[in-house]
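Undergrad: build the 3D model from these lines:
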Amino acid sequence: MKFSIIIPAYKINYLKEAVESVICQSFKDFELLIFDDCSPHDIKSLASEYLADKRVKYFRNKSNYGAEHLADNWNNALSYCKGDYVICMGDDDRLTPNSLEIYAGLINKYPEITVFHGQTEVIDENGHVTEYLEPRFEKESVWQLIYYRWAGLGRQQFVGDFCYNREALIKDGGFYNLPLAWGSDDITACIAASKNGIANSQDICFQYRKNRHTISNSANADLKIKALLLQRKWYEDFIARQNQTIEIESTMRYLLLQQLPQHFEFHNKIIIYDDLKINKCRLFHWLSQQRSLSLTKLQILKQFIKAIS
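TA: Numbers count the residues shown, from 1 in each chain. Sure thing, here's the model as predicted:
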(Lines give C-alpha, C1' and ligand atoms only; values in the text may rest on other atoms or scores of the structure.)
Protein backbone atom coordinates (compact mmCIF):
# COMPACT_ATOMS: atom_id res chain seq x y z
CA MET A 1 0.00 0.00 0.00
CA LYS A 2 1.41 3.35 -1.06
CA PHE A 3 0.11 6.87 -0.44
CA SER A 4 0.43 9.94 -2.65
CA ILE A 5 0.34 13.22 -0.73
CA ILE A 6 -0.30 16.30 -2.89
CA ILE A 7 0.58 19.81 -1.71
CA PRO A 8 -0.49 22.49 -4.21
CA ALA A 9 1.73 25.36 -3.04
CA TYR A 10 1.38 29.11 -3.53
CA LYS A 11 1.96 30.52 -0.05
CA ILE A 12 5.29 29.80 1.61
CA ASN A 13 4.60 30.91 5.20
CA TYR A 14 3.85 27.43 6.57
CA LEU A 15 4.94 25.21 3.68
CA LYS A 16 7.99 23.88 5.54
CA GLU A 17 5.72 22.69 8.36
CA ALA A 18 3.36 21.03 5.87
CA VAL A 19 6.21 19.21 4.11
CA GLU A 20 7.88 18.05 7.32
CA SER A 21 4.57 16.73 8.66
CA VAL A 22 4.60 14.33 5.69
CA ILE A 23 8.33 13.49 5.82
CA CYS A 24 8.04 12.52 9.49
CA GLN A 25 5.23 9.98 9.01
CA SER A 26 5.53 6.70 10.91
CA PHE A 27 4.23 4.94 7.76
CA LYS A 28 7.08 5.25 5.25
CA ASP A 29 5.63 4.09 1.92
CA PHE A 30 4.50 7.34 0.35
CA GLU A 31 5.36 9.91 -2.28
CA LEU A 32 5.09 13.64 -1.65
CA LEU A 33 4.31 15.82 -4.68
CA ILE A 34 4.77 19.58 -4.27
CA PHE A 35 3.11 21.62 -7.03
CA ASP A 36 4.30 25.21 -7.32
CA ASP A 37 1.39 27.22 -8.74
CA CYS A 38 3.70 29.87 -10.25
CA SER A 39 4.14 31.38 -6.81
CA PRO A 40 6.03 34.69 -6.44
CA HIS A 41 7.80 33.01 -3.51
CA ASP A 42 10.77 30.71 -3.93
CA ILE A 43 8.91 27.42 -3.49
CA LYS A 44 11.57 25.57 -5.51
CA SER A 45 14.37 26.42 -3.09
CA LEU A 46 12.33 25.26 -0.13
CA ALA A 47 11.36 22.03 -1.90
CA SER A 48 14.98 21.41 -2.94
CA GLU A 49 15.90 20.96 0.74
CA TYR A 50 13.97 17.68 0.63
CA LEU A 51 14.65 16.37 -2.89
CA ALA A 52 17.47 14.12 -1.68
CA ASP A 53 14.61 11.99 -0.34
CA LYS A 54 13.49 10.14 -3.49
CA ARG A 55 9.93 10.10 -2.19
CA VAL A 56 9.72 13.89 -2.64
CA LYS A 57 9.03 15.44 -6.05
CA TYR A 58 8.74 19.07 -7.11
CA PHE A 59 6.73 20.40 -10.08
CA ARG A 60 6.05 23.93 -11.28
CA ASN A 61 2.79 24.53 -13.12
CA LYS A 62 3.10 26.00 -16.62
CA SER A 63 0.67 28.74 -15.62
CA ASN A 64 -1.06 29.87 -12.46
CA TYR A 65 -4.37 28.12 -11.77
CA GLY A 66 -5.19 30.60 -9.02
CA ALA A 67 -8.00 30.41 -6.49
CA GLU A 68 -10.83 30.31 -9.02
CA HIS A 69 -9.50 27.16 -10.71
CA LEU A 70 -8.22 25.44 -7.59
CA ALA A 71 -9.95 22.13 -8.38
CA ASP A 72 -8.20 22.08 -11.78
CA ASN A 73 -4.92 22.40 -9.89
CA TRP A 74 -5.85 19.44 -7.67
CA ASN A 75 -6.78 17.33 -10.69
CA ASN A 76 -3.60 18.22 -12.54
CA ALA A 77 -1.63 17.06 -9.48
CA LEU A 78 -3.75 13.89 -9.27
CA SER A 79 -2.66 12.93 -12.79
CA TYR A 80 0.96 12.65 -11.57
CA CYS A 81 0.20 10.41 -8.59
CA LYS A 82 1.39 6.79 -8.52
CA GLY A 83 0.17 5.74 -5.07
CA ASP A 84 -2.81 3.55 -4.25
CA TYR A 85 -4.37 6.25 -2.06
CA VAL A 86 -4.32 10.04 -2.37
CA ILE A 87 -4.45 12.93 0.09
CA CYS A 88 -4.55 16.55 -1.14
CA MET A 89 -3.61 18.99 1.62
CA GLY A 90 -3.14 22.75 1.87
CA ASP A 91 0.27 24.40 1.88
CA ASP A 92 -0.31 25.56 5.46
CA ASP A 93 -1.89 22.41 6.94
CA ARG A 94 -0.26 19.46 8.72
CA LEU A 95 -0.68 15.72 8.98
CA THR A 96 -0.25 14.23 12.44
CA PRO A 97 2.76 11.87 12.76
CA ASN A 98 0.68 8.65 12.58
CA SER A 99 -1.80 9.88 9.98
CA LEU A 100 -0.90 7.45 7.17
CA GLU A 101 -0.60 4.57 9.62
CA ILE A 102 -4.14 5.30 10.86
CA TYR A 103 -5.48 5.46 7.31
CA ALA A 104 -3.72 2.19 6.44
CA GLY A 105 -5.50 0.51 9.34
CA LEU A 106 -8.88 1.78 8.15
CA ILE A 107 -8.17 0.71 4.57
CA ASN A 108 -7.29 -2.81 5.69
CA LYS A 109 -10.42 -2.98 7.84
CA TYR A 110 -12.76 -1.67 5.12
CA PRO A 111 -11.23 -2.73 1.77
CA GLU A 112 -14.52 -2.18 -0.09
CA ILE A 113 -14.59 1.54 0.84
CA THR A 114 -12.87 4.10 -1.41
CA VAL A 115 -13.00 7.24 0.74
CA PHE A 116 -11.76 7.74 4.30
CA HIS A 117 -11.98 10.71 6.65
CA GLY A 118 -9.42 11.66 9.27
CA GLN A 119 -10.42 13.17 12.59
CA THR A 120 -9.36 16.83 12.51
CA GLU A 121 -8.28 19.63 14.78
CA VAL A 122 -7.96 23.33 13.92
CA ILE A 123 -4.70 25.16 14.59
CA ASP A 124 -3.80 28.86 14.57
CA GLU A 125 -0.87 30.73 13.01
CA ASN A 126 1.42 29.52 15.79
CA GLY A 127 0.41 25.89 15.43
CA HIS A 128 -1.63 25.88 18.65
CA VAL A 129 -4.80 23.80 18.67
CA THR A 130 -7.85 26.07 18.89
CA GLU A 131 -10.63 23.61 18.16
CA TYR A 132 -11.24 19.87 18.15
CA LEU A 133 -13.79 18.90 15.52
CA GLU A 134 -16.49 16.50 16.59
CA PRO A 135 -15.80 12.76 16.28
CA ARG A 136 -17.74 10.69 13.76
CA PHE A 137 -19.10 7.16 13.64
CA GLU A 138 -16.42 4.83 12.30
CA LYS A 139 -18.55 3.91 9.28
CA GLU A 140 -21.26 6.07 7.72
CA SER A 141 -23.45 6.05 4.64
CA VAL A 142 -23.44 8.87 2.10
CA TRP A 143 -26.74 10.03 3.61
CA GLN A 144 -25.14 10.39 7.04
CA LEU A 145 -22.20 12.20 5.45
CA ILE A 146 -24.53 14.80 3.93
CA TYR A 147 -27.01 14.96 6.80
CA TYR A 148 -24.44 15.68 9.52
CA ARG A 149 -22.67 18.18 7.25
CA TRP A 150 -25.93 20.12 6.94
CA ALA A 151 -27.42 19.58 10.41
CA GLY A 152 -27.33 22.60 12.73
CA LEU A 153 -24.24 24.68 12.00
CA GLY A 154 -22.84 21.74 10.08
CA ARG A 155 -19.76 19.61 10.48
CA GLN A 156 -16.56 21.24 9.38
CA GLN A 157 -14.48 19.34 6.85
CA PHE A 158 -11.72 20.19 4.38
CA VAL A 159 -10.14 18.60 1.34
CA GLY A 160 -7.06 17.61 3.36
CA ASP A 161 -8.92 15.45 5.87
CA PHE A 162 -10.07 12.99 3.18
CA CYS A 163 -8.08 10.09 1.76
CA TYR A 164 -9.19 8.53 -1.55
CA ASN A 165 -8.55 5.35 -3.45
CA ARG A 166 -6.69 6.84 -6.43
CA GLU A 167 -8.12 4.60 -9.17
CA ALA A 168 -11.69 5.06 -7.91
CA LEU A 169 -11.23 8.83 -7.65
CA ILE A 170 -9.96 9.05 -11.23
CA LYS A 171 -12.79 6.81 -12.45
CA ASP A 172 -15.29 9.16 -10.77
CA GLY A 173 -13.82 12.12 -12.66
CA GLY A 174 -11.35 13.36 -10.07
CA PHE A 175 -12.05 16.20 -7.67
CA TYR A 176 -15.42 17.74 -8.49
CA ASN A 177 -14.87 21.07 -10.19
CA LEU A 178 -16.52 24.18 -8.73
CA PRO A 179 -15.35 27.82 -8.72
CA LEU A 180 -12.80 28.32 -5.90
CA ALA A 181 -13.27 24.57 -5.21
CA TRP A 182 -16.05 25.92 -2.96
CA GLY A 183 -17.80 22.68 -1.97
CA SER A 184 -15.66 20.53 -4.28
CA ASP A 185 -14.37 18.53 -1.30
CA ASP A 186 -17.92 17.81 -0.09
CA ILE A 187 -19.24 16.63 -3.44
CA THR A 188 -16.12 14.59 -4.23
CA ALA A 189 -16.53 12.75 -0.92
CA CYS A 190 -20.25 12.21 -1.56
CA ILE A 191 -19.60 10.67 -4.98
CA ALA A 192 -17.03 8.30 -3.47
CA ALA A 193 -19.23 7.45 -0.46
CA SER A 194 -22.32 6.81 -2.61
CA LYS A 195 -21.05 3.29 -3.37
CA ASN A 196 -20.06 1.71 -0.06
CA GLY A 197 -20.08 4.56 2.44
CA ILE A 198 -17.18 6.26 4.20
CA ALA A 199 -14.89 5.11 7.03
CA ASN A 200 -13.84 7.67 9.64
CA SER A 201 -10.77 7.55 11.86
CA GLN A 202 -11.25 7.80 15.60
CA ASP A 203 -7.84 9.42 16.07
CA ILE A 204 -6.54 12.82 14.95
CA CYS A 205 -5.04 12.60 11.44
CA PHE A 206 -5.12 16.17 10.19
CA GLN A 207 -4.54 19.73 11.38
CA TYR A 208 -6.30 22.49 9.46
CA ARG A 209 -4.78 25.94 9.87
CA LYS A 210 -6.89 29.08 10.08
CA ASN A 211 -4.80 32.20 9.49
CA ARG A 212 -4.88 35.73 8.15
CA HIS A 213 -3.57 34.64 4.74
CA THR A 214 -6.97 33.07 4.01
CA ILE A 215 -8.48 36.05 2.20
CA SER A 216 -12.15 36.80 1.52
CA ASN A 217 -12.95 39.54 -0.98
CA SER A 218 -15.80 40.84 -3.13
CA ALA A 219 -14.63 39.02 -6.26
CA ASN A 220 -14.58 35.76 -4.33
CA ALA A 221 -18.09 36.40 -2.99
CA ASP A 222 -19.57 36.27 -6.51
CA LEU A 223 -17.68 33.06 -7.26
CA LYS A 224 -18.78 31.51 -3.97
CA ILE A 225 -22.41 32.29 -4.77
CA LYS A 226 -21.96 30.77 -8.23
CA ALA A 227 -20.45 27.67 -6.65
CA LEU A 228 -23.35 27.42 -4.18
CA LEU A 229 -25.89 27.52 -7.02
CA LEU A 230 -24.01 24.72 -8.80
CA GLN A 231 -23.79 22.76 -5.55
CA ARG A 232 -27.52 23.07 -4.98
CA LYS A 233 -28.26 21.74 -8.46
CA TRP A 234 -25.90 18.80 -7.92
CA TYR A 235 -27.47 17.84 -4.57
CA GLU A 236 -31.00 18.16 -5.94
CA ASP A 237 -30.15 15.80 -8.80
CA PHE A 238 -28.17 13.41 -6.59
CA ILE A 239 -30.86 13.07 -3.92
CA ALA A 240 -33.63 12.74 -6.51
CA ARG A 241 -32.02 9.86 -8.38
CA GLN A 242 -31.05 7.74 -5.36
CA ASN A 243 -33.37 4.82 -4.61
CA GLN A 244 -33.20 3.72 -0.99
CA THR A 245 -34.84 0.62 0.41
CA ILE A 246 -33.44 0.88 3.95
CA GLU A 247 -35.98 2.75 6.07
CA ILE A 248 -33.52 4.93 8.00
CA GLU A 249 -31.81 6.03 4.78
CA SER A 250 -35.15 6.77 3.15
CA THR A 251 -35.95 8.95 6.17
CA MET A 252 -32.62 10.78 5.86
CA ARG A 253 -33.22 11.30 2.14
CA TYR A 254 -36.61 12.85 2.93
CA LEU A 255 -35.11 15.09 5.62
CA LEU A 256 -32.37 16.25 3.26
CA LEU A 257 -34.91 17.21 0.61
CA GLN A 258 -36.71 19.26 3.25
CA GLN A 259 -33.49 20.88 4.49
CA LEU A 260 -31.95 21.63 1.10
CA PRO A 261 -33.59 25.04 0.42
CA GLN A 262 -32.88 26.32 3.94
CA HIS A 263 -29.30 25.03 3.85
CA PHE A 264 -28.35 26.93 0.72
CA GLU A 265 -30.36 30.01 1.68
CA PHE A 266 -28.42 30.11 4.98
CA HIS A 267 -25.03 29.94 3.23
CA ASN A 268 -26.05 32.55 0.64
CA LYS A 269 -26.85 34.91 3.51
CA ILE A 270 -23.47 34.29 5.17
CA ILE A 271 -21.56 35.09 1.97
CA ILE A 272 -23.60 38.24 1.35
CA TYR A 273 -23.16 39.40 4.96
CA ASP A 274 -19.37 38.85 4.85
CA ASP A 275 -19.17 40.68 1.52
CA LEU A 276 -21.22 43.65 2.75
CA LYS A 277 -18.97 44.00 5.79
CA ILE A 278 -16.08 44.57 3.38
CA ASN A 279 -17.93 46.77 0.88
CA LYS A 280 -21.28 48.35 1.81
CA CYS A 281 -21.83 49.59 -1.76
CA ARG A 282 -22.29 46.00 -2.90
CA LEU A 283 -25.84 46.12 -1.51
CA PHE A 284 -27.20 47.17 -4.90
CA HIS A 285 -25.35 44.34 -6.61
CA TRP A 286 -26.92 41.75 -4.31
CA LEU A 287 -30.40 43.27 -4.60
CA SER A 288 -30.14 42.88 -8.38
CA GLN A 289 -29.27 39.17 -7.87
CA GLN A 290 -31.98 38.35 -5.34
CA ARG A 291 -34.16 36.19 -7.58
CA SER A 292 -31.35 33.91 -8.70
CA LEU A 293 -30.30 33.55 -5.05
CA SER A 294 -33.84 32.57 -3.95
CA LEU A 295 -33.72 35.39 -1.41
CA THR A 296 -36.14 38.25 -0.84
CA LYS A 297 -35.04 41.88 -0.86
CA LEU A 298 -35.93 42.02 2.83
CA GLN A 299 -33.56 39.14 3.61
CA ILE A 300 -30.72 40.89 1.80
CA LEU A 301 -31.49 44.19 3.55
CA LYS A 302 -31.33 42.38 6.89
CA GLN A 303 -27.81 41.20 6.05
CA PHE A 304 -26.90 44.79 5.16
CA ILE A 305 -28.22 46.10 8.50
CA LYS A 306 -26.25 43.42 10.36
CA ALA A 307 -23.12 44.32 8.39
CA ILE A 308 -23.27 48.03 9.22
CA SER A 309 -24.33 47.66 12.85
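Undergrad: give the helix, strand or coil label for Y164.
TA: Here Y164 is strand, with the state taken from DSSP: H, G, I helix; E, B strand; the rest coil.
Undergrad: tell me how far stretch 257-275 lies from the chain's centre.
TA: Offset of stretch 257-275 from its chain centre (C-alpha atoms, centre = their mean, to the nearest Å): 18 Å.
Undergrad: so for it, mean pLDDT?
TA: For stretch 257-275, mean pLDDT is 90.
Undergrad: how about stretch 58-68?
TA: Averaging pLDDT along stretch 58-68 yields 95.
Undergrad: identify each buried residue in it, please.
TA: Neighbour-count burial for stretch 58-68, counted by 16 or more other C-beta atoms under 10 Å, picks out 58-59, 61, 65, 67-68. Just so you know, the C-beta spots here come from the backbone N, C-alpha and C atoms, and that holds for glycine as well.
Undergrad: which residues of the chain fall in helices?
TA: With DSSP state H as the criterion, the chain has helices at 15-23, 43-48, 70-78, 99-109, 142-150, 166-171, 184-196, 218-241, 247-278, 283-288, 297-308.
Undergrad: show me where pLDDT drops low in this structure?
TA: Where the chain drops to pLDDT under 70, the residues are 152-153, 212-219, 243-248.
Undergrad: for I191, see how far away S184 is.
TA: S184 is 11 Å from I191, where distance means C-beta to C-beta, to the nearest Å.
Undergrad: ditto for D53
TA: With C-beta to C-beta as the criterion, D53 and I191 are 33 Å apart.
Undergrad: ok, these two, which is more surrounded?
TA: The neighbour comparison of D53 against I191 (other C-beta atoms under 10 Å) goes to I191, with 20 against 11.
Undergrad: wait, what's in contact with D93?
TA: 14, 18, 158, 160, 206-209 (C-beta atoms under 8 Å, 6 or more residues apart in numbering).
Undergrad: tell me how the chain divides into domains.
TA: 3-209, 218-308 (automatic domain parsing).
Undergrad: deepest of those domains, which one?
TA: The highest mean neighbour count among the domains of the chain, using mean count of other C-beta atoms under 10 Å, belongs to domain 3-209: a mean of 19.
Undergrad: and that domain, how far apart are its ends?
TA: From its first residue to its last, domain 3-209 covers 22 Å (C-alpha to C-alpha, to the nearest Å).
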